[in-house]
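# For reference, the sequence and a predicted model appear below.
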Amino acid sequence: MFFYNHFKHLLVFGLFVCLVFRADAALSNGQIITGQALDPLIFKSSFEADETTSIPDLVVINPSVNIDELAPNQAYTIYATVKNQGNGASADATLRYYISNDAEISIADNLLGTDTIPGLAMNEESIQSLGPDAPDSNGTWWVGACIDSVAGETEVANQCSTGVEISVAPLVDTDNDRLPDSVETNTGIFIDANNTGTNPNIADTDGDNIDDGDEVLGTLAGLDLPGMGTNPLRKDLLLEYDWFDDSIDCGSHSHRPTSITISRASTAFSNSPVTNPGVATGVNLISDYGQGGLFTGGNLIVDADGVIAGGVDGSDFLNYKAANFAANRNGYFHYVLLPHRYNTDSGSSGQAEVYGDDLIVSLYCANSNQNVANTILHEVGHNLNLRHGGNESCNYKPNYNSVMNYKYQFPGVDNNCTPPANGVLDYSVGDRISLNENNLNEFNGTCGPGFPYDWNKNSTIESSVVENINQYDSEVGQCGGTLTTLNDHDDWGNILFGGLGSADGAPVVPLEIISEQPVPAEFLNRVD
C-alpha cells in the first residue's frame, strides 16, 4: 500500500513537471532544444474553448438637415448615418425617418419615410438622406431617424438618433425676389437654391436686370433660366437668333449663326473685366440659335424674298418677332433677326435700338463667322447703351478701342497700341489717352510715352501736330469735320442691362435707333 501511494504521488508530480516544463526533445535532424518554461496560457487554452461572441450593434449618428428654417410645405433634406459599432457584422436593416413634437425621436413619432440599409461590417457606416416636405402649418418640430434592430443585436435601447430642430413659418423675403432671406446668404458664392449667396436686400444682386429668384427658380411664366445656365451672382445676357435662308446676290446661303460665331461672341463677354458680386468677372452670354434642348426658340423663318421692309421698328420685324419669339421671353432675351437685308435693299450691316432689346444683323453675302460675331457684338452694344464713340456718337476715334467704333467693328480692336486693328473682338476699357487734334504729341500715340505714331503721315515723329485724325466720321453733326479733343470710353464699365424693360411698345425711355455702315469692301469676301 505504501508503495502504491508513493508511486501515485510520483506520477502526479511527473505529470505536473511535464506540463510546466518542456522536456528536451530530439528534432528530426537530430538537434536538441533544451528545456524552457511554458506559457501558463498554453495550459488554459489546452483545456478551455474561446467563448468570445460576435454581436452587431446598429446606431444612428450625425442627424442633420440642409435647412432648418422652412416655409409651410417647403422641401428640405434630412441626413442620417447608420453605424455598426458592435464587434460582428449585421444583416440588412430598415432605417425609418420620423418627425416629432419634442426633441426625443422614437418609433412612436410620425413616420416620414424609409431607407434600406445593407449589411454592415464592424465599424462600417452608411450615409442616407430623405427629402420630405415641411408641415403645412407654422411651428417647431424635431426630425431624426431610427434603425430597426437585427438578429443577434442585444443592445436595442440606442436605435434612434437625437432630434434636429426645424421651424416652420412664413418666410421673410425682404427684396421680394421670391427667394426667402434665409437662403440668400450674401456670401457671393452660389451653392444651390437653399444657399444662393445673393443679397437678401437687393432683388437683382448681379445687376443684369434679371431678378435673383428668376435666375435661381425660373420665371413664373415657365422660362427655365437656371436650366439655361443663369447665375444670380454673374451677369447674364440672353440672345435669341432667328434667321433667313435665301439665294439673293450670291447663291443659296443661310444667315444662321454658327457655333464658331457664337463661341467668339461668348468668349469676348466671358473674358471681359465686368465685375460681379461673385468671384468671377465677365458676362455669361447665353445664346439660343436653335441648337436643341432648352434652346429651341431660335429658328429659321421662311421668307419669300430674304429681306424685310423697314427696320427694328417696322411691321415686318415686329410681325416676325410676334410669331417666333415666345411671350415669356420678353424682358429676359434680346431678339436678333438675321435677314439678308432690311429696308428691302439697304446696304447697312445692321440696326439696333439704343438701350433696348431688338437688333438686326444684315450682312447679305458677307456673313463670315468673324463678320457676324463682330456685328452681333456691335449691335448688342447699342442695346447695352453704347454708341459709336462709347458715350457719344463721335466715330472713328483712333483712341476709342472698341468694336463699337467703325474703325474697329470689322477688323477688331488694337491690342498693342499701334493703333491699327489686330483682330481682337472686344469693347474698350477706357485706357487710351485723350487726343487733342489741335496739339497732337506723336511721341505718345494712343497709349502714352513709348508708343509713337505718325498722325500726319510725314514720316517724322513730332511733338505738336494739328491733324483731323477721325475725318472719316460721316455721322451728321458729329466730330469728324472739326478739330476737337477725342476721348476713349470705358465700355465694359458702363454697359447697362436695363434695355430689356423696353418689352416692345413699352420702352423705359423713348428709343433711339441706329442704322449701320455697309460692310467695308475689304471684308465683303472675308473667308473664315
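Okay, I see it.
# In this protein, what residue spans correspond to helices?
Secondary structure of the chain (DSSP state H): helices at 2-20, 40-47, 212-217, 225-228, 259-270, 315-324, 369-383.
# Next one: the closest residue to Asn383 other than its chain neighbours from Trp492, what distance?
Excluding its sequence neighbours, the residue lying closest to Asn383 (C-beta to C-beta, 6 or more residues apart in numbering) is Gly499, at 5.1 Å. Using the backbone N, CA and C atoms, a C-beta is placed for each residue, glycine as well. Relative to Trp492, Gly499 is positioned 16 Å away (C-beta to C-beta, to the nearest Å).
# Give me the more crowded residue out of those two.
The neighbour count for Gly499 versus Trp492, taken as other C-beta atoms under 10 Å, is higher for Gly499 (26 against 22).
# ok, the more buried one - contacts?
His334, Glu353, Val354, Tyr355, Gly356, Asp357, Asn383, Leu384, Asn385, Val508 (C-beta atoms under 8 Å, 6 or more residues apart in numbering).
# could you dump those residues to CSV with pLDDT, distance to Gly292 and neighbour count?
Output for these, formatted as CSV (pLDDT from 0 to 100; distance: C-beta to C-beta, whole Å; neighbours: other C-beta atoms under 10 Å):
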residue, pLDDT, distance to Gly292, neighbour count
His334, 97, 20, 24
Glu353, 96, 29, 23
Val354, 95, 33, 18
Tyr355, 94, 32, 21
Gly356, 93, 28, 28
Asp357, 95, 24, 28
Asn383, 97, 26, 26
Leu384, 97, 28, 25
Asn385, 96, 32, 19
Val508, 52, 33, 13
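# Keep only those of the residues you listed that are in strands.
Judged by DSSP state E, the contacts of Gly499 include His334, Glu353, Val354 as members of strands.
# Make JSON lines out of the residues you listed and add distance to Asp92.
Converted to JSON lines, the ones in strands among the contacts of Gly499 look like this (distance: C-beta to C-beta, whole Å):
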{"residue": "His334", "distance to Asp92": "57"}
{"residue": "Glu353", "distance to Asp92": "66"}
{"residue": "Val354", "distance to Asp92": "68"}
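# and which of those is nearest Ser459?
Comparing the ones in strands among the contacts of Gly499 against Ser459 with C-beta to C-beta places Val354 closest, at 41.1 Å.
# What are the boundaries of the strands in the stretch 351-500 of the chain?
358-361, 435-436, 485-486 (DSSP state E, counting those that start in this stretch).
# So for Asn391, which of those sits nearest?
Smallest distance to Asn391 across these (C-beta to C-beta): 12.6 Å, for strand 485-486.
# How far off centre is the closest one?
The chain centroid and the centroid of strand 485-486 are separated by 41 Å under C-alpha atoms, centre = their mean, to the nearest Å.
# What's the mean pLDDT across that strand?
In this model, strand 485-486 has a mean pLDDT of 96.
# Is it correct that Asp490 is in contact with Ser402?
No. Asp490 lies out of contact with Ser402 (C-beta atoms under 8 Å); the separation is 9.7 Å.
# Give the residue spans of this protein that score low on pLDDT.
For the chain, the stretches flagged by pLDDT under 70 are 1-52, 473-478, 502-510.
# can you tell me which residue is nearest the centre of it?
Asn231 (5.4 Å; C-alpha atoms, centre = their mean).
# Give the bridge partners for that one, please.
Taking DSSP bridges as the rule, Asn231 bridges to Arg234.
# and it, what does it touch?
Neighbouring residues of Asn231 by C-beta under 8 Å, 6+ apart: Phe190, Asp206, Glu215, Gly278, Asn284.
# Show the buried residues in those.
Buried subset of the contacts of Asn231 (neighbour count, 16 or more other C-beta atoms under 10 Å): Phe190, Asp206, Glu215, Gly278, Asn284.
# so which of the residues you listed comes closest to Glu155?
Closest to Glu155 out of the buried ones among the contacts of Asn231 is Phe190 (44.6 Å), distances taken as C-beta to C-beta.
# which residue packs closest to the closest one, ignoring adjacent ones?
Using C-beta to C-beta, 6+ apart, the closest residue to Phe190 is Gly197 (4.8 Å).
# likewise Lys321?
Spatial nearest neighbour of Lys321, chain neighbours left out: Tyr335 (5.5 Å); criterion: C-beta to C-beta, 6+ apart.
# Is there a neighbour count for that neighbour? I'd like the number.
What Tyr335 shows, counting by other C-beta under 10 Å, is a neighbour count of 24.
# how far away is it from Ile301?
Tyr335 sits 12 Å away from Ile301, going by C-beta to C-beta.
# between the two, what contacts are shared?
Applying C-beta under 8 Å, 6+ apart, one finds that Tyr335 and Ile301 are jointly contacted by Asp242.
# circling back: got any residues that touch both of Asp490 and Ser402?
Counting by C-beta under 8 Å, 6+ apart, the common neighbours of Asp490 and Ser402 are Gly390, Ser428.
# With neighbour numbers in mind, choose between these two.
Per other C-beta under 10 Å, whichever of Asp490 and Ser402 has more neighbours is Ser402, with 28 against 16.
# Contacts only, for the residue lying closest to the more buried one once chain neighbours are set aside.
With C-beta to C-beta, 6+ apart as the criterion, Ser402 has its nearest non-adjacent residue at 3.8 Å, and that residue is Ser428. Going by C-beta under 8 Å, 6+ apart, Ser428 touches Gly390, Tyr400, Asn401, Ser402, Met404, Asn405, Val413, Asp488, His489, Asp490, Asp491, Trp492.
# same question, Asp102
By C-beta under 8 Å, 6+ apart, the contact set of Asp102 is Trp142, Gly163.
# One more: Val216?
The contact partners of Val216, by C-beta under 8 Å, 6+ apart, come to Leu179, Ala193, Thr196, Thr198, Pro226, Pro232.
# Quick check, the fourth one in contact with Ile210.
No. The pair formed by Thr198 and Ile210 falls short of the contact definition of C-beta under 8 Å, at 11.9 Å.
# In terms of packing, which of those two has more residues around it?
Using other C-beta under 10 Å as the criterion, Thr198 and Ile210 rank with Thr198 on top: 31 against 23.
# What is the burial count for Ser259?
Using other C-beta under 10 Å, Ser259 has 12 other residues around it.
# Repeat that for Asp249.
Neighbours of Asp249 under the rule other C-beta under 10 Å: 11.
# separation between the nearest residue to it once chain neighbours are set aside and Phe523?
Excluding the flanking residues, the one nearest Asp249 by C-beta to C-beta, 6+ apart is Cys365, at 5.1 Å. Plainly put, Cys365 is 11 Å away from Phe523 if you go by C-beta to C-beta.
# And the strands of the stretch 351-500 of the chain: which comes nearest Tyr98?
Closest among the strands of the stretch 351-500 of the chain, using C-beta to C-beta: strand 358-361, at 56.8 Å.
# who's in contact with the closest one?
Against strand 358-361 from outside (C-beta under 8 Å, 6+ apart): 255, 311-312, 317, 321, 334-339, 342, 349-353, 372, 375-376, 379-380, 382-383, 502, 504.
# Hmm, Glu155 and Asp57 touching each other?
Yes. Counting by C-beta under 8 Å, Glu155 is a contact partner of Asp57 at 5.2 Å.
# shared neighbours, those two?
Gly86.
# Of those two, which one has the most company?
Set side by side, Asp57 and Glu155 show more neighbours around Asp57, with 21 against 14, by other C-beta under 10 Å.
# tell me the contacts of the more buried one?
Applying C-beta under 8 Å, 6+ apart, we find Asp57 in contact with Asn84, Gln85, Gly86, Glu153, Thr154, Glu155, Asn158.
# Narrow these to those that are buried.
Burial by neighbour count, 16+ other C-beta under 10 Å: within the contacts of Asp57 this picks out Asn84, Gln85, Gly86, Glu153.
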